[in-house]
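Colleague: please find the sequence and the predicted model below.
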Amino acid sequence: MVRFAGVLAVVCAGCSSSGAPQDDAGRGGARSAVPFAPYVSATTAAGTETAGTPSAFHVAFAVASGDDECAPMWDDETAIDDAAATKRIRGLRESGADIRVSFGGATDTELALACDSPAQLADAYEQVLDRTGAQAADFDIEGDTLEDSAATARRAKAIELLQSRDDGLEVSFTLPVMPSGLAPQGKELLRTTADQDVEISAVNVMAMSYSPSHTGDMGDYAMAAARSTHDELTALLGLSDAGAWRALRLTVMIGVNDIEAETFTLDDAAQLAAFASKRDLGGLSMWSSARDRECAGGEQQEVDETCSGVAQDEGAFAAALSG
């Protein structure tokens, strides 16, 4: 996913067309609460963060301070020990939600590309976790970073070191997806990491930014991506049917996307929340809390990092996704 400052960027992994099956979110059965954990800026308050009463926040993004510098920063512009950022993250935790540090993203340099060794990389990751007090690390790996097999191996070894130091550390991966499932590189990342004896708590797929040929219903596409990834996780991680659903999380880009055909509506959000509840999904998220409001001029087709582009009340997507 994109960073908060600057131009919104998307990655299309695979870009093969796939038909979306009919919505099956309306089948009978008891509904259960699905954890809701939106993406928020580490440095900038949006005023909409607590809408939907999140159980956790993805605090984005911790990256390298330069292409070859194994030193973490927030979005390549704010020091990890910045007093204002630290105070903000403390406030998010005091709302009652857990903190998940999101490493990587679609722009800037992921630390595994900048650090020379697994030990050096583990220390860089640990510096961020210690500063934020987080017990959960999410690795948003996409674009060229996902293609880098050396970085994948280095990251897997570094995470194994982290978990050897703290066996309570929850590790998840955020990966691009198509309605047909994960990209080959995403599957290989999970295999490589699992082979390093890393305990992977969850796989969070970005149900967004497919391709211009995907002109159908975004809710249907998200559910198709969930089904496909669920089946892949049973094989890749050796999970049961129910275990694969619990290990699966979905993140959507609310409102308009900079792929013109893609608009994720409030109806899509309600549809996806019902689907997730029926399957006891591991969690739902959105990009991002900062966009969960109507734009000043109302509906618009241009993507904006501060509003959704659709008609809505403030916090409406959070309310819909959190059920």
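Modeller: Good, I have the coordinates. Numbering: from 1, shown residues only.
Colleague: where does the protein have low pLDDT?
Modeller: The model of the chain has pLDDT under 70 over residues 1-32.
Colleague: repeat the analysis, applying 90 as the threshold.
Modeller: 1-33, 66-68, 76, 215-216, 258, 260-261, 323 (pLDDT under 90).
Colleague: which stretch of helix or strand covers the spatially most central residue of it?
Modeller: Residue closest to the average C-alpha location in the chain (CA atoms, centre = their mean): residue 174, at 4.7 Å. Residue 174 is part of strand 170-178, with elements assigned from DSSP states H and E.
Colleague: tell me the first helix or strand C-terminal of the longest strand anywhere in the chain.
Modeller: Counting by DSSP state E, the longest strand found in the chain is strand 56-66. Later in the chain than strand 56-66, the nearest helix or strand by DSSP H and E is strand 69-74.
Colleague: what's that next one in contact with?
Modeller: The contact list for strand 69-74 (CB atoms under 8 Å, 6 or more residues apart in numbering) reads 42-43, 61-65, 79-80, 82, 85, 111, 114-116, 120-121, 124-125, 127-128. In short, each C-beta sits where N, CA and C put it, glycine included.
Colleague: may I see the PyMOL selection of the buried members of those residues?
Modeller: Here is the PyMOL command that picks out the buried ones among the contacts of strand 69-74, judged by 16 or more other CB atoms under 10 Å:
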select buried, resi 42+43+61+62+63+64+65+80+82+85+111+114+115+121+124+125+127+128
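Colleague: show only the entries of the contacts of strand 69-74 found in strands.
Modeller: 61-65, 79.
Colleague: show me what secondary structure element comes after the helix of greatest length in the chain.
Modeller: The longest helix of the chain (DSSP state H) is helix 218-236. Following helix 218-236 in sequence order, the next helix or strand is helix 241-246 (DSSP H and E).
Colleague: other residues contacting that following helix?
Modeller: 230-231, 233-234, 237, 279-282.
Colleague: ditto for stretch 59-67
Modeller: With CB under 8 Å, 6+ apart as the criterion, stretch 59-67 contacts 1, 3-4, 39-42, 70-76, 80, 89, 92, 99-105, 108-111, 113-115, 124, 128, 132, 134, 140, 288.
Colleague: before we move on, the earlier item: list the neighbouring strands of the longest strand of the chain plus their orientation.
Modeller: strand 39-41 (parallel), strand 69-74 (antiparallel), strand 98-104 (parallel) (DSSP bridges).
Colleague: in the second one, which residues are buried?
Modeller: Going by neighbour count (16+ other CB under 10 Å), the buried part of strand 69-74 is 70, 72-74.
Colleague: can I get these in JSON lines with distance to residue 249?
Modeller: JSON lines is the format used below for these (distance: CB to CB, whole Å):
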{"residue": "70", "distance to residue 249": "28"}
{"residue": "72", "distance to residue 249": "24"}
{"residue": "73", "distance to residue 249": "26"}
{"residue": "74", "distance to residue 249": "23"}
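Colleague: so who does residue 43 touch?
Modeller: Residue 43 neighbours (CB under 8 Å, 6+ apart): 4, 74-75, 78, 82, 84-85, 88.
Colleague: mind redoing it with 10 Å?
Modeller: 4-5, 59-60, 74-75, 77-78, 82, 84-85, 88-89 (CB atoms under 10 Å, 6 or more residues apart in numbering).
Colleague: quick one: it from residue 74, how far?
Modeller: 6 Å (CB to CB, to the nearest Å).
Colleague: with residue 197 instead?
Modeller: From residue 197 to residue 74 the distance is 30 Å (CB to CB).
Colleague: again, but for residue 228
Modeller: Distance from residue 228 to residue 74, by CB to CB: 33 Å.
Colleague: could you do residue 162 as well?
Modeller: Following CB to CB, the distance that separates residue 162 from residue 74 is 19 Å.
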